[in-house]
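In: build me a model:
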Amino acid sequence: MASHNELGKEGEEAAAAWLVKQGFRILHRNWRFSYYEIDIIATRKHVVPRQGEQEFLHFIEVKARKSELYGHPEDSVSKKKFRRLQQAADQYLFLHPGRKWIQYDVLSILIKGTGEYRFHLLEDVFFF
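Out: Residues are numbered from 1 along each chain as shown. Model prediction:
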């Protein structure tokens, strides 16, 4: 397996474990439909003003790097990549209707040489 694939797999494993610790419930990992893919689909409860606690469906793009030499991991999420994430989410919602609250997130992971992970969750992102 190519080293970038190994890094991606390691990043997604670490991401899933970290998200569970943050209160997320993982529904799917590497969900695919046709040529669309979503790294992680999860739920978590949020408090919505005047509506109380609601369960949100999160579509999470995971980006991992071993160095910040070429920028932060989240910098590699382009408008095109985000648009494809939205298209994949549209397909998921078509196949699994009934969700009122959805959110797009990017989970950035910096994997240090010491085996230490640094996580940064960008919540409710949207590109124009």
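
In: CA only for contacts and neighbour counts going forward, please
Out: Noted.

In: can you tell me the SS state at the residue of the chain positioned farthest from its centre?
Out: Within the chain, residue 50 marks the point farthest from the mean C-alpha position, 27.5 Å out by C-alpha atoms, centre = their mean. Three-state assignment for residue 50 (DSSP: H, G, I helix; E, B strand; the rest coil): coil.

In: now residue 115
Out: Per three-state DSSP, the local secondary structure of residue 115 is coil.

In: quick check: pLDDT value at it.
Out: On the pLDDT scale, residue 115 is placed at 77.

In: burial count for it?
Out: 9 (other C-alpha atoms under 10 Å).

In: tell me which residues of the lengthiest helix in the chain come out buried.
Out: Across the chain, the longest stretch assigned as helix under DSSP state H is helix 3-21. By neighbour count on 16 or more other C-alpha atoms under 10 Å, the buried set for helix 3-21 is 7, 11, 12, 14, 15, 16, 19.

In: list the contacts for the second one?
Out: For residue 11, the contact set (C-alpha atoms under 8 Å, 6 or more residues apart in numbering) comprises 62, 63, 64, 109, 111.

In: now do 10 Å
Out: If you count contacts by C-alpha atoms under 10 Å, 6 or more residues apart in numbering, residue 11 has them with 5, 62, 63, 64, 65, 66, 107, 108, 109, 110, 111, 117.

In: pull out the buried members of these.
Out: Looks like these have 62, 63, 64, 65, 66, 107, 108, 109, 110, 111, 117 buried, using 16+ other C-alpha under 10 Å.

In: does the third one touch residue 39 like I think?
Out: No. The pair residue 64 and residue 39 does not pass the contact test of C-alpha atoms under 10 Å, sitting 12.0 Å apart.
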